[in-house]
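Trainee: Need a 3D model of the following:
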Amino acid sequence: MSLLAEAAPVATDLSPLRIHAMRGGYLLMAIGLAVVKWPLVPDARALPLYDGVTLCLLTAMSLLALLGAWRPIRMLPLLVFEVLWKALWLSLVALPRAMSDDLGPAYVEVAISCSLVVVIGAVVPWRYVWRTFVR
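Mentor: Here you go, the predicted structure:
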């Protein structure tokens with residue numbers, strides 16, 4: 001397969017409005033993570049183990065989100081991943097802690113940040129995801 005064949009646009013039945021909304025979702029991810037995470041990258045080696053892992057993972061996601069703004073359909077699994085991990089964290093960690101009245105300030109901060117996933121979930125073309133990746 002040639003590189004030209006791989007670079008050909010993906011034909012879909014998604015409207016231009018939906019594609020631009022997806023681009024907005026990617027840019028929201030990319031800019032939000034760039035503002036919050038990129039300044040921490042120079043000192044990554046000094047972070048505790050899992051803070052460093054999280055920083056590297058989210059920095060990589062921000063770079064992939066920039067790519068998604070350029071190629072929104074091809075990078076669609078990134079938006080799905082974003083929705084899934086945040087929905088899982090909110091339902092498996094934040095909600096049970098909130099129900100047991102054990103939601104400290106750090107958890108509240110992360111829960112608020114993860115709640116923005118509603119915007120990303122709204123721009124994902126879920127029927128297209130189902131038809132393309134599941135069926």
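Trainee: Find the centremost residue of this protein, please.
Mentor: Centroid check for the chain by Cα atoms, centre = their mean gives residue 82 as the closest residue, at 3.2 Å.
Trainee: Which residue is the nearest non-sequential neighbour of it?
Mentor: residue 120 (5.3 Å; Cβ to Cβ, 6 or more residues apart in numbering). Every residue, glycine included, has its C-beta placed from N, CA and C.
Trainee: Correct me if wrong: the one you found contacts residue 29.
Mentor: Yes. Taking contacts as Cβ atoms under 8 Å, residue 120 lies within contact range of residue 29: 6.9 Å.
Trainee: re the thing from before, please give the element, helix or strand, for the residue nearest to residue 82.
Mentor: Applying DSSP states H and E as the criterion places residue 120 in helix 117-123.
Trainee: Can you report how many residues lie near residue 69?
Mentor: Around residue 69 there are 18 other residues, counting by other Cβ atoms under 10 Å.
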